[in-house]
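Asks: next comes the sequence, and after it the predicted model I'd like to discuss.
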2 protein chains.
Amino acid sequence: MAKKPRVVILGAGFGGLWAARKLASADVDVLIIDKNNYHTFLPLLYQVAAAELEPERIAQPVRYLIRDQANLNFQMGAITAINPAEKTVAVDGESVGYDYLIVALGSTTAFFGVPGAEEHCFTLKSIDEAIEMRNHILRKIEAAANEPDPAKQKQMLTFAIVGGGATGVEYAGALAELIYQPLERDYPRLSLNKLARVILIEAGSQLLNGIDNGSYTAERLTKIGVDVRLNTKVESVEAGRINLADGEQILTDTAVWAAGIQGQPVVKSAGVGLTRGSQFEVLETLQSQDYPEMFVVGDLIRFMQDGKPLINTAQVAMQSGEVAAENVMAMINSKPLESFRYYDKGMMATIGRNAAVANIGGRHFTGFFAWLIWLFIHLFFLIGFRNRLGVLTNWAWNYLFYERVVRLIMPLDSSKE
Amino acid sequence: MAKKPRVVILGAGFGGLWAARKLASADVDVLIIDKNNYHTFLPLLYQVAAAELEPERIAQPVRYLIRDQANLNFQMGAITAINPAEKTVAVDGESVGYDYLIVALGSTTAFFGVPGAEEHCFTLKSIDEAIEMRNHILRKIEAAANEPDPAKQKQMLTFAIVGGGATGVEYAGALAELIYQPLERDYPRLSLNKLARVILIEAGSQLLNGIDNGSYTAERLTKIGVDVRLNTKVESVEAGRINLADGEQILTDTAVWAAGIQGQPVVKSAGVGLTRGSQFEVLETLQSQDYPEMFVVGDLIRFMQDGKPLINTAQVAMQSGEVAAENVMAMINSKPLESFRYYDKGMMATIGRNAAVANIGGRHFTGFFAWLIWLFIHLFFLIGFRNRLGVLTNWAWNYLFYERVVRLIMPLDSSKE
């Protein structure tokens, strides 16, 4: 019996997982490698950072998700190098060989060279970061409750978010609702409604560019208490302070950077040409330009379609993951490879309670109806029925009682052994 | 208007919280201080360590729990000293004065001088420790899946628990069910049913001493796969190894110490006489023998009743917290103080799925009926209706599908700022 081709998938995000599922009944050996033992449902990460969902709700063990697929195996470990010339990757320093590779390692935060941003800003790209931010914000409010100096107290209670895309808008809305509703009631001696500020800073003139095309998002955020600053550039960030290009200084202990993404740094080790944002300019088949057996999907591709680069969303990751898997099988079976074409099922973002913006098939929806669409689509895609149920329970609870369920400061295990 | 007496409560566990509630309508200012911003439902902590419940399920924000009580305030901070001679406590080094003090700081693990136990054993006394243990166990199994050396693999898959009281028995049962049911299915290439061992080591001849009085617990644990060792003393613990008094060595990467408690070390700073286990020998009124305005409750008291020392359970903490609060009010109102007398509502422990042991009013119950009693009593006391609902959902899910919901290795924020 000939040895089966070995397909290695780097990353168990949307791209990697959807590729793996597509290979479920294929006559290959598949190995998925991820540094975590779980898949993260990133579209709801901001709700973990806003104490709205337990972190466990948006995570599912990879082995659980793949356990019905006999040709799949999982390895937990960090990718430390990619060596396509030798057809190997290094996992925690140890070499693993492959016949076909699907790189689905996703992205990290890009700071665009703004001085101090990387050192002094919180970011929102992983469960670890979301919990760190949740803890930090709750600690600041707790500290403010015992702070006699009004200036220091104001700085502790100022929360500034840089970037008016989906992450920044969704987080600003969720944070304002957390602070002005349940926390306002938890701290009767503090008057958070008067003292706390949530500021959203966007360099351009439009929030949710590509989803909203008017002023709905900004108006809605303003209504729930967010201080929206459009056409406002960040010049630099220091400890306790954001310096704006117009000379204003925002004194804050909490600067959140939600303004851009770049490919995971480890992809540089592959020794192929990358964009400035560490993304691959892949062939239309999602193959690397240099190594045909290396496919790249998700946030790691800069893909031109109809003359414009795709916005790297979860949908792009899922669809490109599936096409990469199909093309691996086409190569094995000596069939022609298909070109990737992203089919836009719509984009949407939520703006706190009862309100969202959606752009579906070129049509715009706003308000409660858009929020219902958002809710059902996210529930539908949230992996695992039990998690859907749990998330729905939390949301129903929040909705009915204006509460948040998980405002706990939990300084947890950081031992990575 | 005369200044109201200030009552400071150290700790927001069962003792501190029940004392605070008793003072809700009293004409005093109450300050609760705890190092966490949440109350922990410790009786279900073992389920967090066995990946059965999300940590958020057994925790509730203290401010949320007390927010309807206008005379109560909360401060988050670690107690670093108690100075009853000056009527102050130090919170993160800063002095806080009181008129009356209720010390409800609880206990930590006691190792009874067994060499190496403190350095090399996991313990189960806080949410942090439970998550650390959950992560460790899941990492060991994940590592075993890629371990070629059978001896090393066996050591990774051996889990030894020292102490056959409620914590040890409940954890051994939950761990065996985790490993032999959902994890067995998650790792189809590993054969955990053959390779993994859960060993429970008890120095005495009886498991659940004081609750069970026969062999039911040991038989039930054996049936679900636990290797029960009675009359077995631990001589010392080393890295990777437990040395038993009879000369046997258990090679394991996971030694859990569940064999004893002692008072939180900070109580030594009070400068009063303590037992060898750092507990207070209080007056019958729960007052310190030296300082009448200092009351001590919960795990911190060694209290003789009917000639025997009380076992320090959550019930003892709740009841003593209430009596201490009533006696504070009696002192303020110059009324006679009442003597604490523990009313035993029953003791129980669960042994995995469908089975428990209960001792209620001198009668023993075992099996499914005892398990139902256990379930309803724990749900009833679990603070907050929403958490009850969530816990019930998890349990129902586990029960119906033999699953575990939260087997995620989440290395989280350890910054305590």
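Replies: Yes, it's here. The structure displayed is predicted, hence computed values, not measured ones.

Asks: where in chain A is pLDDT low?
Replies: A:1-2, A:382-417 (pLDDT under 70).

Asks: tell me the domain ranges of it?
Replies: As assigned by automatic domain parsing, chain A contains the domains A:6-35+A:77-109+A:261-332, A:117-259+A:346-401.

Asks: mean neighbour count and distance to chain B for the ones you listed - can I get that in JSON lines?
Replies: Just so you know, the C-beta spots here come from the backbone N, C-alpha and C atoms, and that holds for glycine as well. Output for these, formatted as JSON lines (neighbours: other CB atoms under 10 Å in any protein chain shown; distance: least, CB to the nearest CB, whole Å):
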{"stretch": "domain A:6-35+A:77-109+A:261-332", "mean neighbour count": "20", "distance to chain B": "8"}
{"stretch": "domain A:117-259+A:346-401", "mean neighbour count": "19", "distance to chain B": "4"}
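
Asks: among those, which is nearest B:Leu178?
Replies: Nearest of the domains of chain A to B:Leu178, taken as CB to CB: domain A:117-259+A:346-401 at 16.2 Å.

Asks: next one: that closest one to chain centre, how far?
Replies: Its chain's C-alpha centre and that of domain A:117-259+A:346-401 lie 14 Å apart, by CA atoms, centre = their mean, to the nearest Å.

Asks: same question for stretch A:74-82.
Replies: From the chain centre to the centre of stretch A:74-82 is a distance of 20 Å (CA atoms, centre = their mean).

Asks: can I get the domains of chain A in a markdown table with distance to B:Glu118?
Replies: Listed next are these as a markdown table, based on distance: least, CB to CB, whole Å:
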| stretch | distance to B:Glu118 |
| --- | --- |
| domain A:6-35+A:77-109+A:261-332 | 30 |
| domain A:117-259+A:346-401 | 28 |
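
Asks: for B:Leu138, find the nearest of those domains.
Replies: domain A:6-35+A:77-109+A:261-332 (13.7 Å).

Asks: first-to-last residue distance for that closest one?
Replies: Start to finish, the residues bounding domain A:6-35+A:77-109+A:261-332 are 11 Å apart (CA to CA, to the nearest Å).

Asks: distance from the chain centre to that domain, please.
Replies: Relative to its chain's centre, domain A:6-35+A:77-109+A:261-332 lies at 17 Å (CA atoms, centre = their mean).

Asks: again, but for stretch A:33-50
Replies: Relative to the centre of its chain, stretch A:33-50 is centred 8 Å away, using CA atoms, centre = their mean.

Asks: endpoints of that stretch, how far apart?
Replies: 29 Å.

Asks: surely A:Met294 touches A:Ala104?
Replies: No - between A:Met294 and A:Ala104 there is no contact under CB atoms under 8 Å: 11.7 Å.

Asks: what ranges does the stretch 201-350 of chain A have for its helices?
Replies: A:216-223, A:314-332 (DSSP state H, counting those that start in this stretch).

Asks: looking at these, which is closest to A:Leu200?
Replies: Closest among those, using CB to CB: helix A:216-223, at 6.5 Å.

Asks: what residues does the closest one touch?
Replies: Helix A:216-223 has contacts (CB atoms under 8 Å, 6 or more residues apart in numbering or on different chains) with A:169, A:172-173, A:176, A:200, A:207-208, A:228, A:230, A:349, A:351-352, A:355, A:357, A:366-367.

Asks: tell me which two in the residues you listed are the farthest apart.
Replies: Farthest pair in the contacts of helix A:216-223, by CB to CB: A:Leu230 and A:Gly367, 20.9 Å.

Asks: and the host helix or strand of A:Leu372, what does it pack against?
Replies: Assessed by DSSP states H and E, A:Leu372 sits inside helix A:368-381. On a contact count with 3 or more CB pairs under 8 Å, 6 or more residues apart in numbering or on different chains; DSSP states H and E, helix A:368-381 meets strand A:347-350, strand A:356-360, helix A:385-401.

Asks: mind redoing it with 6 Å?
Replies: strand A:356-360 (3 or more CB pairs under 6 Å, 6 or more residues apart in numbering or on different chains; DSSP states H and E).

Asks: remind me what the strand it packs on packs against, helices and strands.
Replies: Using 3+ CB pairs under 6 Å, 6+ apart, strand A:356-360 is in contact with strand A:347-350, helix A:368-381.

Asks: same list (the ones you listed) but as JSON lines, adding distance to A:Ile127.
Replies: Output for the helices and strands packed on strand A:356-360, formatted as JSON lines (distance: least, CB to CB, whole Å):
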{"stretch": "strand A:347-350", "distance to A:Ile127": "19"}
{"stretch": "helix A:368-381", "distance to A:Ile127": "17"}
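
Asks: those: which one's closest to A:Arg21?
Replies: Closest to A:Arg21 of the helices and strands packed on strand A:356-360, according to CB to CB: helix A:368-381, at 13.3 Å.

Asks: quick one: work out the angle between the closest one and helix A:314-332.
Replies: Angle, helix A:368-381 to helix A:314-332, by axes from the mean of the first three to the mean of the last three CA atoms, to 10 degrees: 40 degrees.

Asks: need the residues that contact helix A:368-381.
Replies: A:348, A:350, A:354-358, A:388 (CB atoms under 6 Å, 6 or more residues apart in numbering or on different chains).

Asks: of these, closest to A:Asp29?
Replies: Using CB to CB, A:Arg388 is the member of the contacts of helix A:368-381 that sits closest to A:Asp29, with 31.5 Å.

Asks: returning to that earlier point: may I ask which two of the contacts of helix A:368-381 are separated the most?
Replies: A:Val357 and A:Arg388 (23.0 Å).
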